[in-house]
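> Dropping a prediction and its sequence here:
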Amino acid sequence: MAYLLHIESTSTVCSVSISKDADLVAIKELNNGYTHAENLHVFIDELLKENHLTPSDLNAVSISSGPGSYTGLRIGFSAAKGLAYALQIPLISIETLKALSVAAIKKANTDALFCPLMDARRMEVYCGVYDNQLNEIIPLQALVLNEESIKALDLNKPIYFFGDGMQKAKELLQTIPHSFFIDDVTASASNMIDLAFEKYEAKQFEDVAYSEPNYLKEFFFTTAKK
């Protein structure tokens with residue numbers, strides 16, 4: 001039996017869960033803007049206490065690795081790496097879009113393709129395409145949305161779109177034959193549990209000192225005009 005702590009901080013959702021092996025024990029999450037700095041450590045502490053656990057009961061910590069919010073990723077990784085180092089437990093990295101696809105696959109329950117879309121601001125999304133076994137069909141990428149770019153997502157097979165970048169892309173994506181849309185699929189630490197436990201059993205761990213988020217594209221600071 002293993003207790004795993006899961007942290008999701010890549011979007012506006014601040015989400016923390018605890019699992020016992022591959023079973024959800026408890027979860028706390030809030031989708032109220034970027035509140036990770038205020039809430040992440042509070043959620044971790046509350047979850048442990050409410051479930052009569054201590055940090056020393058944890059066997060591993062998993063972190064949603066991105067892409068996503070630059071600041072959210074930094075906060076999440078700092079928390080996960082700090083816990084892993086202090087407790088001398090393994091750190092597990094989970095691809096954010098793959099975890100998002102777990103929820104969509106369960107909802108659709110069909111043999112199709114699945115394309116998570118994360119808002120990357122302006123007319124750009126982070127996306128990839130998976131089959132219903134989570135095999136990668138199209139690699140993770142930052143996609144600028146236009147009539148030409150979405151042709152790459154037309155794979156002549158039913159495909160489901162979901163995620164917080166779906167709405168701004170929906171008009172273009174509706175031109176793809178056999179396209180379907182799933183609402184209310186959001187980033188959540190509950191989606192990470194199965195993937196994290198698989199990695200835990202296979203001992204697929206990250207180097208705590210050198211593990212970094214997958215930002216996918218460079219972060220640019222902007223200066224307000226005077």
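All right, it came through fine.

> max-length helix in this protein?
In the chain, taking DSSP state H as the definition, the longest helix is helix 70-87.

> Mind giving me the packing neighbours of that one?
strand 3-8, helix 36-50, strand 60-64, strand 91-94 (3 or more CB pairs under 8 Å, 6 or more residues apart in numbering; DSSP states H and E). For every residue, glycine as well, the C-beta is placed using N, CA and C.

> just these: most buried one?
Burial of the helices and strands packed on helix 70-87 is given as mean neighbour count (mean count of other CB atoms under 10 Å); strand 60-64 ranks first at a mean of 28.

> partners of that one, with directions?
Here strand 60-64 is paired, per DSSP bridges, with strand 3-8 (parallel), strand 91-94 (parallel).

> Which one of those strands lies nearest to residue 111?
Each of those has some distance to residue 111 by CB to CB; the shortest is strand 91-94, at 23.9 Å.

> Quick one: name whatever helix or strand follows the closest one.
Once strand 91-94 ends, the next helix or strand along the chain (criterion: DSSP states H and E) is helix 96-108.

> between that following helix and strand 3-8, how many degrees?
Counting by axes from the mean of the first three to the mean of the last three CA atoms, to 10 degrees, helix 96-108 points 100 degrees away from the direction of strand 3-8.

> Show me which residues of helix 96-108 are buried.
96-105, 108 (16 or more other CB atoms under 10 Å).

> Quick check: what element follows it along the chain?
Note on helix 96-108: by DSSP H and E, the next helix or strand toward the C-terminus is strand 113-119.

> helices and strands around that next one, which ones?
Applying 3+ CB pairs under 8 Å, 6+ apart, one finds that strand 113-119 contacts helix 96-108, strand 124-131, strand 159-162, helix 166-173.

> Which strands or helices does the third one pack on?
By that I understand strand 159-162. Using 3+ CB pairs under 8 Å, 6+ apart, strand 159-162 sits against helix 96-108, strand 113-119, helix 166-173, strand 179-181.

> same thing but at 7 Å, please
helix 96-108, strand 113-119, strand 179-181 (3 or more CB pairs under 7 Å, 6 or more residues apart in numbering; DSSP states H and E).

> pLDDT wise, what is residue 220 at?
Looking at residue 220, its pLDDT is 40.

> cool, and residue 225?
Taking residue 225 on its own, its pLDDT is 44.

> what's the distance between the residue nearest the centre of the chain and residue 207?
Nearest to the mean C-alpha position of the chain, by CA atoms, centre = their mean, lies residue 96 at 2.7 Å. Distance of residue 96 to residue 207, given as CB to CB, to the nearest Å: 19 Å.

> repeat for residue 106
31 Å.

> residues contacting residue 14?
29-30, 35-36, 39-40, 43 (CB atoms under 7 Å, 6 or more residues apart in numbering).

> Each with direction, which strands does the helix or strand hosting residue 26 pair with?
Using DSSP H and E, residue 26 maps to strand 23-31. The pairing partners recorded for strand 23-31 under DSSP bridges are strand 13-20 (antiparallel).

> Check the offset of the strand it pairs with from the chain's centre.
Computed by CA atoms, centre = their mean, to the nearest Å, the chain-centroid distance of strand 13-20 equals 12 Å.

> And for stretch 19-36?
12 Å.
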